[in-house]
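> Sequence first, predicted coordinates after that:
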Amino acid sequence: MTDRQQTVAVMTLHNSPNYGSCLQTYATQAVLTGIGVAPRIIDYYREDAIPENETDRALNGQLVKKMPIFRLPGVKALARIPVSRIVARRAAPLNEFRRSRLALTDRKYYSYEDLEADPPQADIYCTGSDQVWNSVWNKGFNKAFYLEFAPVEAKRIAYAASIGKSSLEEWEKAPMREALLKYSHISVREEEAVELLDSVGIQGAVPVIDPTLMLTREDWGQIASNKRIPAQPYILIYQLNKNPEFDQYAQKLSKKLGLPLYRIAYGVHEKRRGEHTIVCPRVEEFLGLFLGAEYVLTDSFHGTAFSVNLGRKFVAISPGRFSGRIMNLLSMTGATNHYLDDYRNLSIVNQPYDFAYAQQVFARKRLVAKSFLTTAVNE
């Protein structure tokens, strides 16, 4: 090693249009800074994340699922302008957080070809957290997340990368193996991913916790804002998937506990009768709402992770596919009794779970991840 601080170029899903992506990137940056290196987040955009393409993504994906009217002929064309406004409003607090909190590269990269032609300069190249190796989300094998653009001789590592699936397609096994053989050290976010990598000949991957769990309640409290926290006790809803049973359950729980519902929403189309809706809060306010909640209802992995890490009473509801990581987290922390398996069960939210035990688990897991990263950047 030299006395010069090593630079690490991080490739992750930092600009997906949700709070979890922002916060896992911030946490990754904080963890790397904590071991004495200088991280830079590569400002790379998948095609569907390029700002001018996000309206199409909303019209063809999220809004179609949540509002079936968009399937009717001609409706999409009429809706383009109002939907573009929804997309811009949703992006605004996330973009503000990225600009103010993330050490982004000076250049934006809008394609793999951009990265290959002018790669960011760094001592180490790191595939960061989130579902960066999920070929469903990436709509194929995305070479950017496998650091194929890095110089031939460059050190490549992976920190808390996720495949996000329980199995691999045959077509992706060979290119994945070829790319990952160039990595000197690999850590992944799920035990399941260790097994999948082993099955394609990539051995020795280390399972680590999600980066957001590397920061303590006190760490998150330092950047959280209390500006949007209601004066009275409340139930916080953070829901990513349309689910009428979830909505009905929330109403019943509110009535039973005698507490109002406050929903963090990405747009006005997510408003529900009988709830208070907080549309597109700043990322710091998002954290404050979790810290201040009496109870949390969520179908989000990061919503569950923040609930456990911040010591909130909560109910974790299945998001459908890719729900294994929520159960893995609950199993690890002894909180599986907070995973809803019956919408008639209104007592689950007050089932005990040992917050002190969960924190002990996180403390051990934090040491594992820090040890992995320290070795990865210094060997």
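Arrived safely.

> can we go C-alpha only for contacts and neighbour counts from here?
Will do.

> With adjacent residues omitted, what lies nearest to K182?
Nearest residue to K182 in three dimensions, chain neighbours excluded: R156, at 6.8 Å (Cα to Cα, 6 or more residues apart in numbering).

> okay but that neighbour is in contact with A122, surely?
No: at 10.6 Å, R156 does not count as touching A122 under the criterion of Cα atoms under 8 Å.

> Between the two, tell me which one has more neighbours.
R156 (27 against 19; other Cα atoms under 10 Å).

> Who are the contact partners of the more buried one?
Under the criterion of Cα atoms under 8 Å, 6 or more residues apart in numbering, the neighbours of R156 are 124-127, 147, 182-185.

> Correct me if wrong, but it is in a strand.
Yes: R156 forms part of a strand when assessed by DSSP: H, G, I helix; E, B strand; the rest coil.

> Residues in a beta bridge with it, which ones?
Y125 (DSSP bridges).

> cool, and V279?
A265.

> confidence score at it?
At V279, the model reports a pLDDT of 94.

> roughly how far apart are the residue nearest to K182 and Q24?
As judged by Cα to Cα, to the nearest Å, R156 and Q24 stand 20 Å apart.

> same check, this time on L168
24 Å.

> and what of I278?
From I278 to Q24 the distance is 22 Å (Cα to Cα).

> again, but for A369
14 Å.

> Need the buried ones from the contacts of R156 selected in PyMOL.
Of those, the buried ones can be selected in PyMOL as follows, counting by 16 or more other Cα atoms under 10 Å:
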select buried, resi 124+125+126+127+147+182+183+185
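
> for the contacts of R156, which one is nearest V349?
The shortest gap between V349 and any of those belongs to T127, at 36.3 Å (Cα to Cα).

> Neighbour count: L168 and Q24, which is higher?
Q24 (23 against 16).

> list the contacts for the spatially closest residue to the more buried one that is not a sequence neighbour?
Nearest residue to Q24, sequence neighbours excluded (Cα to Cα, 6+ apart): T212, at 5.3 Å. By Cα under 8 Å, 6+ apart, the contact set of T212 is 23-24, 27-28, 302, 305-306.

> need the residues you listed in CSV with secondary structure and pLDDT, can you?
Shown next, in CSV, are these (DSSP: H, G, I helix; E, B strand; the rest coil; pLDDT from 0 to 100):
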residue, secondary structure, pLDDT
L23, helix, 97
Q24, helix, 97
A27, helix, 98
T28, helix, 98
H302, helix, 94
A305, helix, 96
F306, helix, 98
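
> closest to G320 among those?
H302 (15.1 Å).

> got the CA positions of the strand or helix carrying V194 in CSV?
Secondary structure from DSSP states H and E places V194 in helix 191-199. This file holds the C-alpha atoms of helix 191-199, laid out as CSV (Å, rounded to 0.1, in the frame of the first residue of the first chain):
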residue,chain,number,x,y,z
GLU,A,191,-26.8,-16.9,0.8
GLU,A,192,-28.8,-18.1,-2.3
ALA,A,193,-26.5,-16.1,-4.5
VAL,A,194,-23.4,-17.8,-3.1
GLU,A,195,-24.9,-21.1,-4.2
LEU,A,196,-25.8,-19.8,-7.6
LEU,A,197,-22.3,-18.5,-8.2
ASP,A,198,-20.8,-21.7,-7.0
SER,A,199,-23.0,-23.6,-9.5
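
> Give the buried residues for it.
191-197.

> again, but for stretch 204-221
205-215, 217, 220-221.

> What about those, which are in helices?
217, 220-221 (DSSP state H).

> So for stretch 31-41, mean pLDDT?
The model assigns stretch 31-41 a mean pLDDT of 98.

> Quick one: end-to-end length of that stretch, please.
First-to-last residue span, stretch 31-41, Cα to Cα: 13 Å.

> And stretch 268-282, by the same measure?
OK, stretch 268-282 end separation, Cα to Cα: 16 Å.

> and if you look at stretch 294-314?
Stretch 294-314: ends 9 Å apart by Cα to Cα.

> and S16, what are its phi and psi?
phi -70, psi 150 (degrees, to the nearest 10).

> Could you measure from it over to Q359?
29 Å.

> With I348 instead?
Remark: distance between I348 and Q359 (Cα to Cα) = 21 Å.

> Same check on S167?
Distance from S167 to Q359, by Cα to Cα: 31 Å.

> and the two? which has more neighbours close in?
Neighbour totals were compared for S167 and Q359, and Q359 leads with 19 against 11 (other Cα under 10 Å).

> show me what contacts that one?
Here Q359 is in contact with N309 (Cα under 8 Å, 6+ apart).

> Just confirm it is within a helix.
Yes: membership of Q359 in a helix is supported by three-state DSSP.

> can you dump the C-alpha coordinates of stretch 356-370 into PDB?
Extracted C-alpha coordinates of stretch 356-370, given in PDB (Å, rounded to 0.1, in the frame of the first residue of the first chain):
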ATOM      1  CA  ALA A 356     -31.500  -6.100  21.000                       C
ATOM      2  CA  TYR A 357     -30.900  -9.500  19.400                       C
ATOM      3  CA  ALA A 358     -31.300  -8.000  15.900                       C
ATOM      4  CA  GLN A 359     -28.800  -5.400  16.700                       C
ATOM      5  CA  GLN A 360     -26.300  -8.000  17.900                       C
ATOM      6  CA  VAL A 361     -26.800  -9.900  14.700                       C
ATOM      7  CA  PHE A 362     -26.200  -6.700  12.700                       C
ATOM      8  CA  ALA A 363     -23.100  -5.800  14.700                       C
ATOM      9  CA  ARG A 364     -21.500  -9.200  13.900                       C
ATOM     10  CA  LYS A 365     -22.500  -9.000  10.200                       C
ATOM     11  CA  ARG A 366     -21.100  -5.500  10.000                       C
ATOM     12  CA  LEU A 367     -17.700  -6.800  11.100                       C
ATOM     13  CA  VAL A 368     -17.800  -9.500   8.500                       C
ATOM     14  CA  ALA A 369     -18.500  -7.000   5.700                       C
ATOM     15  CA  LYS A 370     -15.900  -4.600   6.900                       C
END
